[in-house]
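Student: Pasting the sequence and the predicted model now:
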Amino acid sequence: MPAGVETPLTALVNSLLHPLLATATLVVCVYAYGEHFTGHYLILTVLTFFISSQVFDEIDILVPWSSFHLTRLIRGIVVGWAIVAAILLFLGYATQLTGNFEQEVILTWFAATPVVLLAGTKVARSLVRRAVVSGVIARSAVVVGANELGRELAARLRRDLYSGISVRGYFDDRKSERLAGLDPAEVLGKVADAPDFVKRNGIDCVYIALPIAAQPRIIALINALRDSTASVYFVPHLFVFDLIQARVDSISGIPVVAVCETPIFGVNAVVKRVFDLAMASLILAAIWPLMMVIAAGVKLSSPGPALFKQRRYGLGGEEIMVYKFRTMTVQEDGPMVVQASKQDKRVTRYGAFLRRTSLDELPQFFNVLGGSMSIVGPRPHAIAHNEQYRKLIDGYMIRHKVKPGITGWAQVNGFRGETQTVDKMRKRIEYDLDYLRNWSVSLDMWIMVKTLVTVLRDRNAY
């Protein structure tokens, strides 16, 4: 939601709904099976509440429901609850407390909770919407600046059925011909008139959408608004930028606006690293016999080493060494690297099978353990390709603000394998940047699931 839109009520709904529903479902399951709510169930309830509040914190249940947001909500709830359940099971086995709970109760609870969370979300949205319509959480607002930014902000506030913000109009110093397209009744006066209007009409929110060049007027306006109780928000003109993880931060008490930043920092970095280590360890423990068989097959099928090493760019554009099972008769790692293509004579018959099934990528789990790669992230390209495409595609190097991955958002959306044209590579980069904008643990898990399906169906790898 835009700054200032989230009221105390909507903030409370967003932060407490899923933890409360998850714990309430547990209580209902306990009593439904005739169990007594003992101290062990109380501990489980408390743990569930706090773990759920962290896992589901990234889900905003009040965003407009397009097909994209609905899919994202369902995915977030299902994957989020799977993470909560996995953490609780791990803690239960680690502390040997699992025997204190009835198996039927826990299994029913695990199965019922996602359904309850989805149904509860629908009910909560309906209640918040009714509160908005009835005026319970209605707030009045004015926009200072009827430029493109100010009009876009007002339009979004009016479209948002859950904001509770009623935009009364604009204040702008420009001549009437510069305000074409606006209803004259929406232009409430000059910028200097705004403070008096706000005080007389009890306006709740003032959004300042003036350009930075108008700094003297902005300072004078903010000083004048200090004599009111309105909440004042400065809206920076950032629509001209391709925002990557935009957020407001501070440096030694000085506020700064992040325009292009990595999503993997702080707690997120720890969570992703622990996830990578745990998954890579489990996968390698399960597939090492298969890897031995594949390595033997590579050695027997053609002359050369079993593993292929190639320098690629990793986090921050630093060079890393990426490992794969060798699938070609050549090992290119110089200033010119030719992408594999259909019917490529450099690819061995055994190598073609490995590439088609993505089995050649398995050694990269060792890259994950070593910390140079992640399981999910933008696919690393040969350095020669990086140097080629960074000159042709705007924002190409931004993909290196996170670790490269064994699989990625572009790969599960049809951009796996050869990219014959710059347009295809540009589309792949668009998906990589979209991954940076929307990263979450649930998205990583969704990509892993889709990767299995893609590998079985896709024929773009050769």
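Tutor: Received the coordinates, thanks.
Student: my guess is residue 44 meets residue 85, correct?
Tutor: No - Residue 44 is beyond contact range of residue 85, at 11.5 Å (criterion: C-beta atoms under 8 Å). No exception for glycine: its C-beta is placed from N, CA and C like everyone else's.
Student: of these two, who's got more company?
Tutor: More neighbours surround residue 44 than the other of residue 44 and residue 85, with 23 against 19 (other C-beta atoms under 10 Å).
Student: Quick check: buried residues in the helix or strand hosting that one?
Tutor: Of the helices and strands defined by DSSP states H and E, residue 44 is found in helix 39-55. Within helix 39-55, the residues scored as buried using 16 or more other C-beta atoms under 10 Å are 41, 44-45, 47-49, 51-52, 55.
Student: Mind jotting down where the helices sit in the stretch 351-462 of the chain?
Tutor: Secondary structure of the stretch 351-462 of the chain, counting by DSSP state H, counting those that start in this stretch: helices at 364-370, 383-389, 422-438, 441-457.
Student: among those helices, which is nearest residue 174?
Tutor: helix 422-438 (33.2 Å; C-beta to C-beta).
Student: In terms of secondary structure, what does the closest one contact?
Tutor: The contact analysis (3 or more C-beta pairs under 8 Å, 6 or more residues apart in numbering; DSSP states H and E) places helix 422-438 against helix 383-389.
Student: Can you point out the buried residues in the helix it packs on?
Tutor: Quick answer for helix 383-389 (16+ other C-beta under 10 Å): 383-386, 388-389.
Student: just stretch 188-202 next, same as before
Tutor: Within stretch 188-202, judged by 16+ other C-beta under 10 Å, the buried ones are 188, 191, 194-195, 197-198.
Student: Quote the end-to-end distance of it.
Tutor: 15 Å (C-alpha to C-alpha, to the nearest Å).
Student: what sits up against that stretch?
Tutor: Outside stretch 188-202, the residues within contact range by C-beta atoms under 8 Å, 6 or more residues apart in numbering are 140, 142, 144-145, 168-173, 203, 206, 210, 217, 220-221, 224-225, 227-228, 230.
Student: again, only using 7 Å
Tutor: 142, 144, 168-173, 206, 217, 221, 224-225, 227-228, 230 (C-beta atoms under 7 Å, 6 or more residues apart in numbering).
Student: before we move on, the earlier item: now the buried residues of helix 383-389 in a markdown table, with distance to residue 269?
Tutor: Compiled in a markdown table, the buried residues of helix 383-389 are given as follows (distance: C-beta to C-beta, whole Å):
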| residue | distance to residue 269 |
| --- | --- |
| 383 | 25 |
| 384 | 30 |
| 385 | 27 |
| 386 | 23 |
| 388 | 30 |
| 389 | 27 |
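Student: Pull the most distant pair out of those residues.
Tutor: Largest pairwise distance in the buried residues of helix 383-389, by C-beta to C-beta, is 11.1 Å, between 383 and 389.
Student: mind listing the strands for the stretch 251-400 of the chain?
Tutor: Secondary structure of the stretch 251-400 of the chain by DSSP state E, counting those that start in this stretch: the strands cover 254-258, 307-313, 319-325, 374-376.
Student: between the ones you listed, which gets nearest to residue 80?
Tutor: strand 374-376 (16.2 Å).
Student: If we go by neighbour counts, what in that closest one is buried?
Tutor: Buried residues in strand 374-376, counted by 16+ other C-beta under 10 Å: 374-376.
Student: And those, which is closest to residue 124?
Tutor: For the buried residues of strand 374-376, the minimum distance to residue 124 (C-beta to C-beta) is 30.4 Å, reached by residue 376.
Student: In contact with that closest one, which residues?
Tutor: 405, 407-408, 444, 447-448.
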